[in-house]
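Undergrad: Prediction below, plus the sequence it came from.
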Amino acid sequence: IEQIKMELPAFFDPIDFKKFTDGKTIVKDTDMDPLVENEAKLHITNGIEKASTATGVDIKAACKIVKEQMDRQYGHSFHCVMGEGFSFEVTRQANQSLYLYYSGKLAVLLFKC
């Protein structure tokens, strides 16, 4: 029996991989205050968990939950976009945007304009 030794690519991060598989968030870009960012991540996680079904995540319902919670806590005009395989260019207020991945595949963009 021949053993094959594989090396992980240089860009592979085992910590990020564990977060991907555990349903955790990985922030890719933000300019929010750390306190607001942590609250937003909690609202996103709660929204996704509440909108999850056996067949997957109801993205529309999850976005609505996140938007309503952020509007209630930090004032109106928050927008939430979730999905896979999208790009964006938005005009937004300074220090009010968050772009992250949840469980590796689901991208979430939260911003205020």
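TA: Now that the structure is in, tell me what you want to look at.
Undergrad: Give the rounded mean pLDDT of stretch 48-59.
TA: With pLDDT averaged residue by residue, stretch 48-59 scores 91.
Undergrad: Then stretch 104-112?
TA: pLDDT averaged over stretch 104-112 gives 91.
Undergrad: Could I get the buried residue list for it?
TA: Neighbour counts over stretch 104-112 (16 or more other C-beta atoms under 10 Å) mark Leu106, Ala107, Val108, Leu109, Leu110, Phe111, Lys112 as buried. For the C-beta atoms, the positions are set from N, CA and C on the backbone; glycine is no exception.
Undergrad: now do stretch 82-100
TA: So for stretch 82-100, counting by 16+ other C-beta under 10 Å, buried means Met82, Gln96, Ser97, Leu98, Tyr99, Leu100.
Undergrad: Identify the farthest-apart pair in those residues.
TA: Met82 and Gln96 (17.6 Å; C-beta to C-beta).
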